[in-house]
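>>> predicted coordinates and the sequence they were generated for:
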Amino acid sequence: MRRTAVAVALVAVLSLTGCSLPSTGPEGAGEAGTVDAPVEPLDKEAAGEQFLQIVGPYDGVRAQFEEAIDSGAPLAQQTGLASAVAAALRAEAEGLHKAAWPDDVSDDAHALAGTVQEAAGHWEAAAAAGSKKEIRKHIDQAMEVEDDEAEAAIRETLGLPAGAGGKG
């Protein structure tokens with residue numbers, strides 16, 4: 001009888017203090033003291049929406065950068081926009097790596113993330129450029145590492161329209 005009372009008291013104390021199992025997920029995956037459930041891959045429709053949300057910011061800021069180049073905007077404006085493009089690419093790479101893609105998209109998404117990450121480095125160099133000619137050189141280098149095939153494969157698999165192309 002005494003053991004039962006001790007067991008009930010122990011369970012009550014543990015539940016009142018919020019104790020639980022330690023996290024078994026990757027570092028930073030969840031709150032301390034919780035067990036993360038496995039992430040289910042997105043279905044194709046949700047994956048398509050996720051993909052468009054991930055690539056959208058880059059597409060927008062890239063269009064602003066191109067407009068600045070075409071209009072002959074001052075160097076400071078061009079380097080500022082190049083920095084914004086680099087940041088959008090870094091965020092895109094992170095989003096591509098973290099999303100729970102369907103199996104038939106996952107490899108292409110991770111390949112695209114690697115290419116996007118590499119292109120972001122060239123955009124960061126453009127952001128630090130001291131001349132418009134130097135900006136162009138770094139943008140040309142970014143364009144050389146683009147992976148239109150991976151993005152096209154993702155879009156085709158997810159039933160999305162073709163993109164503007166290029167993450168350079």
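Now that the structure is in, tell me what you want to look at.
>>> heading C-terminal from the least confident helix or strand in the chain by mean pLDDT, find the next helix or strand.
Least confident element among the helices and strands of the chain, by mean pLDDT, DSSP states H and E: helix 2-17 (a mean of 38). Using DSSP states H and E, the next helix or strand after helix 2-17 towards the C-terminus is helix 44-70.
>>> pull out the buried positions in that following helix.
44, 47-48, 50-51, 54-55, 57-58, 61-62, 65, 68-69 (16 or more other C-beta atoms under 10 Å). All C-beta atoms are positioned from the backbone trio N, CA, C, and that covers glycine.
>>> domain ranges for this structure?
If you go by automatic domain parsing, the domain ranges for the chain are 1-38, 44-157.
>>> can you tell me which of these is most buried?
Counting by mean count of other C-beta atoms under 10 Å, domain 44-157 has the highest mean neighbour count of the domains of the chain, with a mean of 18.
>>> picking up where we left off before, between the domains of the chain, which gets the lowest average pLDDT?
Of all these, the minimum mean pLDDT falls on domain 1-38 (a mean of 42).
>>> quick check: angle from the helix or strand encompassing residue 140 to helix 44-70?
Here residue 140, judged by DSSP H and E, is contained in helix 132-144. Angle, helix 132-144 to helix 44-70, by axes from the mean of the first three to the mean of the last three C-alpha atoms, to 10 degrees: 160 degrees.
>>> which neighbouring elements make contact with helix 132-144?
For helix 132-144, the contact count by 3 or more C-beta pairs under 8 Å, 6 or more residues apart in numbering; DSSP states H and E identifies helix 75-98, helix 103-127 as packing neighbours.
>>> send the alpha carbons of it over as CSV?
The C-alpha coordinates for helix 132-144 follow below in CSV (Å, rounded to 0.1, in the frame of the first residue of the first chain):
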residue,chain,number,x,y,z
LYS,A,132,29.9,48.6,-61.2
LYS,A,133,32.4,46.6,-63.3
GLU,A,134,33.3,44.5,-60.3
ILE,A,135,29.7,43.9,-59.5
ARG,A,136,29.1,42.6,-63.0
LYS,A,137,32.1,40.3,-62.6
HIS,A,138,30.7,38.7,-59.5
ILE,A,139,27.2,38.4,-60.9
ASP,A,140,28.7,36.6,-63.9
GLN,A,141,30.4,34.2,-61.6
ALA,A,142,27.1,33.6,-59.7
MET,A,143,25.4,32.9,-63.1
GLU,A,144,28.0,30.2,-63.8
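>>> need the contact list for the closest residue to residue 106 other than its chain neighbours.
With C-beta to C-beta, 6 or more residues apart in numbering as the criterion, residue 106 has its nearest non-adjacent residue at 7.7 Å, and that residue is residue 41. Contacts for residue 41 (C-beta atoms under 8 Å, 6 or more residues apart in numbering) come out as 47, 100-103, 106.
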